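> Mind looking at a prediction? Sequence and model below.
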Amino acid sequence: MNLMRKRLNLAAIAILILVASCDKKPETVSEEKTIQETEPQTPPTDNPEGMVWIPGGQFTMGTDEADAYQVERPAVDLTVEGFWMDTHEVTNAEYQAFVDATGYVTLAEQTPKWEDLEQQLPPGTPPPDPSVLVPGSMVFTPPSQAVPLQDISLWWTWIEGANWQHPEGPDSNLEGRENHPVVHIAYEDAVAYADWVGKRLPTEIEWEFAGRGGLQGKRFAWGDELSPNGQYLANTFTGSFPHGNTGEDGYVGTSPVKSYAPNNFGLYDMIGNVWELTDDWFDALKFARLAGQAPKLDADMNPCYVPGNPYAKERVIKGGSFLCADNYCINYRPSARQGHAFDSGTSNVGFRLVKSPDDKTLSMK
Ligand SMILES: [Ca+2]
Ligand SMILES: [Ca+2]
């Protein structure tokens with residue numbers, strides 16, 4: 001097995017683990033719950049440009065829906081402090097400004113280092129031939145016809161030369177996509193941008209609080225119907241995944257940010273378009289631990305827990321993407337969560353940032 005295959009497999013393992021629970025379709029919410037307003041906090045007066053104040057308060061994170069994916073259960077009651085959040089996903093134009101100012105080179109543009117790759121492989125795994133260590137990233141490459149949904153390699157392809165500037169590979173570019181969310185961003189690439197603008201990645205709890213838009217116990221960010229009155233409220237995958245994308249919601253790939261209505265907090269595309277990185281390690285038992293149904297992690301334990309993969313190093317991503325379909329992976333819901341390899345980007349993962357009044361980070365912009 002060459003390293004290219006291993007990298008593909010690493011990403012594949014991550015995605016497979018994430019989608020393993022996606023082979024069943026959650027049922028509709030049976031119990032109608034009331035909409036509750038979160039406790040408003042007095043918003044600071046110096047609202048940073050491009051951000052909105054998310055008033056903190058109590059909320060229910062996760063879900064008790066019987067058929068929701070296991071990693072989203074059980075629901076737990078939590079409290080969040082207020083914070084500012086970007087109204088939209090970080091765009092290609094915004095990331096371009098960062099790169100122009102700093103000369104930053106993303107991970108996907110660099111030759112992979114064996115010492116980084118071996119951290120996610122069983123000890124003793126022999127190093128590959130250096131010739132296979134080439135820059136690149138994972139790109140969604142839809143098949144032309146229906147394929148078995150158990151084999152993600154039928155629609156995910158490691159493409160040499162794919163990166164944020166060339167989302168589908170060397171022959172692609174960002175022309176006309178300046179206002180689309182930046183993709184192929186690894187965790188450290190997002191953190192570098194955040195440091196530059198004096199913000200930070202949201203915690204998973206902050207993201208879900210914001211993503212729910214002040215609604216409690218609702219399956220979707222806007223209520224209990226995916227498309228009320230036939231109206232599309234997010235960029236997801238319409239049609240039969242992975243081959244039959246109809247684009248009925250307006251887009252078969254990413255969409256310009258703010259193409260759909262905002263949630264009650266004034267946040268756009270929290271659901272769909274691209275998955276969004278958070279600052280948390282992925283722990284499949286996070287909610288069970290918070291609810292006292294699973295042992296807490298010791299300080300010396302791997303903070304990332306992925307069943308069946310003790311070498312995983314994944315961060316939580318939230319919100320689903322333009323590839324979430326109702327026949328495959330129903331992750332266009334606020335409680336949905338997946339792990340994402342810390343050193344990888346893909347063509348459907350981006351990020352947005354937050355800031356707290358007491359954050360001491362200084363903008364280098
Ligand atoms: Ca779409
Ligand atoms: Ca999004």
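Sure thing, it's come through. Here the structure is a predicted model, which is why all the values come from computation and not from measurement. Ligands and ions are numbered 1, 2, ... in the order given.
> Now do the buried residues in stretch 284-293.
Neighbour counts using 16 or more other Cβ atoms under 10 Å place Ala284, Leu285, Lys286, Phe287, Ala288, Arg289, Leu290 of stretch 284-293 among the buried residues. No exception for glycine: its C-beta is placed from N, CA and C like everyone else's.
> that's a strand at the fifth one, yeah?
No: assessed by DSSP: H, G, I helix; E, B strand; the rest coil, Ala288 does not belong to a strand; its assignment is helix.
> measure the nearest residue to it once chain neighbours are set aside to Ile205 for me?
In space, and not counting its chain neighbours, Ala288 is closest to Ala294: 3.8 Å by Cβ to Cβ, 6 or more residues apart in numbering. Distance, Ala294 to Ile205, by Cβ to Cβ, to the nearest Å: 17 Å.
> Which of these two has more residues huddled nearby?
The neighbour comparison of Ala294 against Ile205 (other Cβ atoms under 10 Å) goes to Ile205, with 18 against 15.
> Now do the same contact list for that one.
Counting by Cβ atoms under 8 Å, 6 or more residues apart in numbering, Ile205 touches Met61, Leu78, Val80.
> Which ones among these lie within strands?
Judged by DSSP state E, the contacts of Ile205 include Met61, Leu78, Val80 as members of strands.
> between the buried residues of stretch 284-293, which is nearest ligand 2?
Nearest to ligand 2 among these is Lys286, at 20.4 Å by Cβ to the ion.
> Mind pulling up the pLDDT for that closest one?
Looking at Lys286, its pLDDT is 96.
> how about the helices in the protein?
Counting by DSSP state H, one finds helices in the chain at the ranges 3-20, 92-102, 114-117, 187-197, 204-211, 286-290.
> mean pLDDT for those: which is lowest?
Mean pLDDT is lowest for helix 3-20 out of the helices of the chain, coming in at a mean of 38.
> Val139 and ligand 2, how far apart?
18 Å (Cβ to the ion, to the nearest Å).
> My read is that that residue contacts Gly169, right?
Yes: at 6.6 Å, Val139 counts as touching Gly169 under the criterion of Cβ atoms under 8 Å.
> shared neighbours, the two?
Common contacts of Val139 and Gly169 (Cβ under 8 Å, 6+ apart): Ile159, Ala162.
> Phi, psi for Asp224 please.
Taking degrees, to the nearest 10, you get phi -110, psi 0 for the backbone angles of Asp224.
> Touching, it and Gly217? I think so.
No: using Cβ under 8 Å, Asp224 is not in contact with Gly217; the gap is 9.2 Å.
> Comparing those two, which residue is more hemmed in?
Neighbour tally, Asp224 and Gly217, criterion other Cβ under 10 Å: the higher count belongs to Gly217, 19 against 16.
> Was I right to think the more buried one contacts Gly62?
No: between Gly217 and Gly62 there is no contact under Cβ under 8 Å: 10.8 Å.
> who's more crowded, Val139 and Gly169?
Set side by side, Val139 and Gly169 show more neighbours around Val139, with 21 against 17, by other Cβ under 10 Å.
> Give me the distance between the residue nearest to Ala288 and Pro127.
36 Å.
> same thing with Val71?
From Val71 to Pro127 the distance is 33 Å (Cβ to Cβ).
> Equivalent analysis for Leu215, please.
Between Leu215 and Pro127 the computed distance is 50 Å (Cβ to Cβ).
> Show me which of these two is the more surrounded one.
The neighbour count for Leu215 versus Pro127, taken as other Cβ under 10 Å, is higher for Leu215 (23 against 12).
> wait, doesn't that one sit right on Phe209?
No: counting by Cβ under 8 Å, Leu215 stays clear of Phe209, with 10.9 Å between them.
> Test for you: state the pLDDT assigned to Val132.
For Val132, the model assigns a pLDDT of 88.
> ok, now Gly217?
86.
> can you check Thr91 too?
Note on Thr91: pLDDT of 98.
> Please report the distance of the closest residue to it other than its chain neighbours from ligand 2.
Nearest non-adjacent residue to Thr91, counting by Cβ to Cβ, 6+ apart: Asn179, 5.4 Å away. Remark: distance between Asn179 and ligand 2 (Cβ to the ion) = 14 Å.
> Can you give me the neighbour number for the closest residue to ligand 2 within the stretch 51-200 of the chain?
Ranked by Cβ to the ion, the top residue of the stretch 51-200 of the chain for proximity to ligand 2 is Glu89, at 5.5 Å. Glu89 is flanked by 26 other residues according to other Cβ under 10 Å.
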